[in-house]
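*Asks:* Just a sequence and a predicted model for now, questions to come.
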Amino acid sequence: MKKNIAIIMGGYSSEVEISLKSGAVVYKHLNKEKFNVFKVYILKDKWVLVDNENTEYPINKHDFSAEIAGKKITFDCVFNAIHGTPGEDGKILAYFDLIGIKHTSAPFYQMALTFNKRDTLSVVKQYGIPAATSVYINQGDQINEDEIINKVGLPCFVKPNNAGSSFGISKVHTKEELIPALDIAYAEDSEILIESFLDGTEVSVGVIQYKGETKVLPITEIVSENDFFDYEAKYEGKSQEITPARLTKKQEESVTKVSKQVYEILNMSGFSRSEYIFVNDVPHFLEMNTVPGLTEASILPQQANYAGITLTELFDNAIQMALNN
């Protein structure tokens, strides 16, 4: 008997449109002969199952079910394609755990931890993983611009602590740019991370659970036409994403080793894509994305394709790993 799979997409953050695109690609490529596949939009104003005619059926939040033509639809597994809250920060996954539905992501605590950039950095730094020098600020804190710049230097990056897809990130070159950058970041989050600029090759590394083992995918080199890998560079073609990355054997071995180590330190499972910058051949950890973009053009699917894994195989594996967990 075929399992019922709900692909959740949308979310409550600035990444809603990107998530809907990722979810649509998952729906397109999941094997319909093997699974009964349903699209479920999780939006601020509604949770609805959406059929191929775009007819909407409300989700009963009591048991995450829907009713179509008098028949109750329940789900054996949820494929999480929500970037940002409530998918990537673990909130909705805690709900699925409570009502007993399996899902493709890591446990909710790991998702919440990795969505919080500064908490993730605090953990990995304890294990000796190199990272940028950083300063943390909460909205309402008194700002001492000279003190911040003395610690992190210029240029530096100002980032929302809990946000993705480069929303709210600024590269600050002068003291005068710092406060406006904070204002931009505060539009996304009340917690801010300010980091020193690392000058070197940037790479993105996918690590997944595949057929029961931790697998590091081929590495992608990021070459942005813009000042950094911002939203425009990520989603509007203003960057080169080169897979496999143009690395020395030493660089490739070191970033592969540290990527697997970080995945295991954080007790991850499911999908992940982490960013690193090489400084003197040493990979410095930036952040981890646990619901990376899943469109055909996204980085992790590119990496899987180079490894000989089709999108159907990639998504099928995620479902099977969740069902067997």
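*Replies:* Received, thanks.

*Asks:* Sketch out the low-pLDDT regions of the stretch 101-250 of the chain for me.
*Replies:* Applying pLDDT under 70 to the stretch 101-250 of the chain picks out residues 163-166, 226-238.

*Asks:* And the chain, what are its domain boundaries?
*Replies:* Using automatic domain parsing, the domain parsing of the chain gives 3-104, 112-130+199-290, 134-196.

*Asks:* Can you add distance to residue 323 and mean neighbour count and give these back as CSV?
*Replies:* (C-beta placed from N, C-alpha, C; glycine too.) Listed next are the domains of the chain as CSV, based on distance: least, C-beta to C-beta, whole Å; neighbours: other C-beta atoms under 10 Å:
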stretch, distance to residue 323, mean neighbour count
domain 3-104, 6, 18
domain 112-130+199-290, 13, 18
domain 134-196, 27, 17
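
*Asks:* Residue 316 is nearest to which of those?
*Replies:* Closest of the domains of the chain to residue 316 is domain 3-104, at 6.0 Å (criterion: C-beta to C-beta).

*Asks:* now the closest one: how far from the chain's centre is it?
*Replies:* 17 Å (C-alpha atoms, centre = their mean, to the nearest Å).

*Asks:* and what of stretch 254-266?
*Replies:* Stretch 254-266 has its C-alpha centroid displaced from the chain centroid by 16 Å (C-alpha atoms, centre = their mean).

*Asks:* the helices in the stretch 1-150 of the chain, which residues?
*Replies:* Using DSSP state H, counting those that start in this stretch, the helices of the stretch 1-150 of the chain run over 16-29, 91-99, 108-115, 117-126, 145-152.

*Asks:* Redo the domains of the chain as CSV? Include distance to residue 322.
*Replies:* Putting the domains of the chain into CSV (distance: least, C-beta to C-beta, whole Å) gives the following:
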stretch, distance to residue 322
domain 3-104, 5
domain 112-130+199-290, 8
domain 134-196, 22
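
*Asks:* Out of these, which is closest to residue 324?
*Replies:* Nearest to residue 324 among the domains of the chain is domain 112-130+199-290; the distance by C-beta to C-beta comes to 8.3 Å.

*Asks:* Just the buried residues of stretch 306-317, please?
*Replies:* 307, 309, 311, 314, 315, 316, 317 (16 or more other C-beta atoms under 10 Å).

*Asks:* Okay, and which of those map to strands?
*Replies:* Of the buried residues of stretch 306-317, none are assigned to strands by DSSP state E.

*Asks:* Please flag which of these sit within helices.
*Replies:* Residues of the buried residues of stretch 306-317 located in helices (DSSP state H): 311, 314, 315, 316, 317.

*Asks:* which one of these is nearest residue 288?
*Replies:* When those are compared for distance to residue 288 (C-beta to C-beta), residue 314 wins out at 18.2 Å.

*Asks:* Can you lay out the ones in helices among the buried residues of stretch 306-317 as TSV showing distance to residue 10?
*Replies:* Below are those laid out as TSV (distance: C-beta to C-beta, whole Å):
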residue	distance to residue 10
311	20
314	21
315	18
316	23
317	24
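
*Asks:* ok, of these, which one's closest to residue 196?
*Replies:* Compare each of those with residue 196 using C-beta to C-beta and the shortest gap goes to residue 314, at 35.0 Å.

*Asks:* what's the spacing between that closest one and residue 192?
*Replies:* To residue 192, residue 314 is 34 Å away according to C-beta to C-beta, to the nearest Å.

*Asks:* and if you look at residue 262?
*Replies:* For residue 262, the distance to residue 192 - C-beta to C-beta - is 23 Å.

*Asks:* cool, and residue 204?
*Replies:* Relative to residue 192, and taking C-beta to C-beta, residue 204 is found at 23 Å.

*Asks:* Same check on residue 62?
*Replies:* Distance of residue 62 to residue 192, computed by C-beta to C-beta: 38 Å.

*Asks:* Fine by me, we can end here.
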